[in-house]
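A.B. asks: The sequence and its predicted three-dimensional model are supplied below.
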Amino acid sequence: MKPNLDELLAWCESVMGPLEVLSDHTREHPGERASITRLRRAGQEYILKAIPDAGHWHSETHAYERWAGAFGAYAPRLLAARAAEPRAVLLTALPGSVLEETPLPEAQQRAAWRKAGQALAGLHALEPGPFFGRVLRDGSPAGPAQVDAQAYLRAEVQDWLERGQRIGCLSADELSVARAALALLPAFAGERPTACHRDYCPANWLVDAAGEWRGVIDFEFAYWDVRSADFARYPFWEWMERPDLIAAFFEGYGRPLSPREERQRLFSLVNYAIGAVVWGCESGYLGFAAEGRSALKRLGGAI
């Protein structure tokens with residue numbers, strides 16, 4: 001039993017009454033330790049998620065309270081949030097298993113991606129926000145509030161470049177691709193802040209035993225961003241390897257992207273690939289960094 005679990009279980013029981021522990025899972029990331037405990041009461045299952053990082057706790061709690069309703073039954077419901085350490089949220093549990101870990105025939109994979117695209121359109125249809133960037137639980141900005149999309153994205157890319165140059169992990173060709181991507185920023189002129197999941201991918205999608213898409217989880221990275229940020233985060237780089245899945249996703253989303261939106265998506269793909277290289281090198285995830293380099297090489301021919 002991991003540290004603080006007894007304290008968190010007591011907190012859950014103060015909300016729900018007696019609960020049975022079904023399973024306990026810890027997800028490791030550099031500098032972070034997120035943990036999931038599956039609980040049951042009266043035949044219903046619940047999720048206790050411990051969130052040590054204060055910023056992630058604010059993002060996740062805000063998203064469940066303000067945005068997750070856009071997914072209807074396809075997102076967990078927040079039952080309680082604990083702001084004191086150890087920080088945590090108590091959620092309803094969705095049925096199914098993670099799509100990333102569930103082998104499915106290709107036709108079922110496409111159907112799941114199509115449904116995921118359809119569900120995301122509901123989130124993106126929410127009223128635009130007042131600023132770009134991280135939020136506190138009450139919706140106020142967690143840092144400086146940026147209202148211009150181009151300035152917001154330029155600062156994000158420049159931060160990756162400065163971090164990459166500091167540790168010498170970006171090649172001249174990779175720096176060239178990143179700088180070329182900055183020329184795409186005019187495509188974001190006038191772009192309003194959109195409610196974004198920002199980790200919308202098969203690692204956070206659930207499917208049932210029949211392969212049906214059952215919903216999305218893990219909102220700890222959610223905040224106001226440009227819409228295309230939700231079109232770029234695929235753990236197996238499906239935009240390169242499985243274009244049929246990307247096509248199915250946008251079929252579900254409801255419309256093809258305009259030429260301007262394609263430029264936005266291209267920028268976001270480059271931004272994510274740069275982040276993969278830099279963060280992967282900083283954190284020792286060298287396989288992820290190598291994937292980012294491969295993506296940048298491919299993207300260099302598209303800019």
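C.D. replies: Sure, I can see it. Numbering: from 1, shown residues only.
A.B. asks: Return the list of helices and strands in contact with the lengthiest helix in the chain.
C.D. replies: What stands out as the longest helix in the chain, according to DSSP state H, is helix 259-283. Where contact means 3 or more Cβ pairs under 8 Å, 6 or more residues apart in numbering; DSSP states H and E, helix 259-283 is packed against helix 149-167, helix 172-182, helix 286-300. Using the backbone N, CA and C atoms, a C-beta is placed for each residue, glycine as well.
A.B. asks: With distance to Val270, mean neighbour count and mean pLDDT added, can I get those in a markdown table?
C.D. replies: Below are the helices and strands packed on helix 259-283 laid out as a markdown table (distance: least, Cβ to Cβ, whole Å; neighbours: other Cβ atoms under 10 Å; pLDDT from 0 to 100):
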| stretch | distance to Val270 | mean neighbour count | mean pLDDT |
| --- | --- | --- | --- |
| helix 149-167 | 8 | 16 | 97 |
| helix 172-182 | 4 | 17 | 96 |
| helix 286-300 | 5 | 17 | 96 |
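A.B. asks: Point out the one among those helices that comes closest to Glu101.
C.D. replies: Taking Cβ to Cβ, helix 286-300 is the member of those nearest to Glu101, at 17.5 Å.
A.B. asks: for the chain, which spans come out with low pLDDT?
C.D. replies: For the chain, applying pLDDT under 70 flags the ranges 1-3, 26-33.
A.B. asks: Just give me the residue closest to the centre of it.
C.D. replies: By Cα atoms, centre = their mean, the chain has its centre lying nearest to Asp199, at 1.2 Å.
A.B. asks: mind listing what that residue touches?
C.D. replies: Asp218, Glu220, Phe221, Ala222, Arg233 (Cβ atoms under 8 Å, 6 or more residues apart in numbering).
A.B. asks: Tyr234 now?
C.D. replies: Counting by Cβ under 8 Å, 6+ apart, Tyr234 has contacts Cys201, Pro202.
A.B. asks: Please tell me how far it sits from Trp205.
C.D. replies: According to Cβ to Cβ, to the nearest Å, Tyr234 and Trp205 sit 11 Å apart.
A.B. asks: Kindly report the same for Leu136.
C.D. replies: From Leu136 to Trp205 the distance is 27 Å (Cβ to Cβ).
A.B. asks: what does Ala172 give?
C.D. replies: Distance, Ala172 to Trp205, using Cβ to Cβ: 37 Å.
A.B. asks: returning to that earlier point: does the residue nearest to the centre of the chain fall in a helix, a strand, or a coil region?
C.D. replies: Secondary structure for Asp199, judged by DSSP: H, G, I helix; E, B strand; the rest coil, is coil.
A.B. asks: separation between it and Arg263?
C.D. replies: 23 Å.
A.B. asks: One more: Ala178?
C.D. replies: Taking Cβ to Cβ, one finds Ala178 at 15 Å from Arg263.
A.B. asks: Next: Leu296.
C.D. replies: With Cβ to Cβ as the criterion, Leu296 and Arg263 are 17 Å apart.
A.B. asks: Check Trp239 too.
C.D. replies: Applying Cβ to Cβ to Trp239 and Arg263 gives a distance of 15 Å.
A.B. asks: try Ala247
C.D. replies: Ala247 is 19 Å from Arg263, by Cβ to Cβ.
A.B. asks: and what of Gly69?
C.D. replies: 31 Å.
A.B. asks: Those two - which one has more neighbours?
C.D. replies: Each of Gly69 and Arg263 has its neighbours counted (other Cβ atoms under 10 Å); Arg263 has more, 20 against 13.
A.B. asks: give the contact list for that one.
C.D. replies: Counted by Cβ under 8 Å, 6+ apart, Arg263 has contacts Leu184, Ala187.
A.B. asks: Can you spell out the domain ranges of this protein, please?
C.D. replies: Per the record, the chain has its domains at 5-92, 97-300, by automatic domain parsing.
A.B. asks: My guess is Asn271 contacts Ala181. True?
C.D. replies: Yes: contact criterion Cβ atoms under 8 Å: Asn271 and Ala181 qualify, at 6.9 Å.
A.B. asks: tell me, what's touching those two both at once?
C.D. replies: Residues touching both Asn271 and Ala181 (Cβ under 8 Å, 6+ apart) are Val157.
A.B. asks: which of the contacts of Asp199 sit farthest apart?
C.D. replies: Glu220 and Arg233 (13.2 Å).
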